[in-house]
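Q: take a look and give me a structure for this.
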Amino acid sequence: MAQHLIWSVAAADDLQSIAEYIARDSPRYAAAVVDKILVLARSLLRHPRLGRVVPEFERADVRERFVYSYRVIYQVRPDAIVIVNVIHGRRQYSPDAADLPDDGDRDH
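A: Sure, this is the predicted structure:
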């Protein structure tokens with residue numbers, strides 16, 4: 001079965017907030033950052049396991065890639081890649097495993 005890309009509500013909100021924050025100083029740079037994040041997200045369909053395991057989760061199915069200073073945190077599922085959050089790398093991340101979709105395929 002082919003995978004598809006899913007953006008969680010939290011991740012979509014994160015991306016919007018990032019764009020709005022950067023756009024205060026540079027709408028052009030905001031658009032470039034968002035575009036680069038979207039390109040990376042689409043590339044995860046081809047290479048989902050290239051990202052490192054997210055230290056806060058310590059689960060093989062929850063990974064991250066970086067775009068500039070932003071962490072794109074995603075879950076690898078058999079049928080989909082779920083973008084969980086997009087946060088600034090300096091921000092403390094306190095994830096709640098209950099926020100992850102449970103697909104029964106946790107590779108600990």
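Q: max-length strand in this structure?
A: The longest strand of the chain (DSSP state E) is strand 80-88.
Q: show me what counts as buried in that strand.
A: 80, 81, 82, 83, 84, 85, 86, 87 (16 or more other Cβ atoms under 10 Å). No exception for glycine: its C-beta is placed from N, CA and C like everyone else's.
Q: tell me the contacts of the fourth one?
A: To tie it back to what came earlier, the one meant is residue 83. 5, 6, 7, 8, 11, 41, 72, 73, 74 (Cβ atoms under 8 Å, 6 or more residues apart in numbering).
Q: report the angle between the one helix or strand the last one maps to and strand 80-88.
A: Residue 74 belongs to strand 70-76 when assigned by DSSP states H and E. Orientation note: strand 70-76 sits at an angle of 160 degrees relative to strand 80-88 (axes from the mean of the first three to the mean of the last three Cα atoms, to 10 degrees).
Q: what sits up against strand 70-76?
A: Taking Cβ under 8 Å, 6+ apart as the rule, strand 70-76 contacts 11, 18, 33, 37, 40-41, 44, 48-49, 51, 54, 61-66, 81-89, 93, 95, 100-101.
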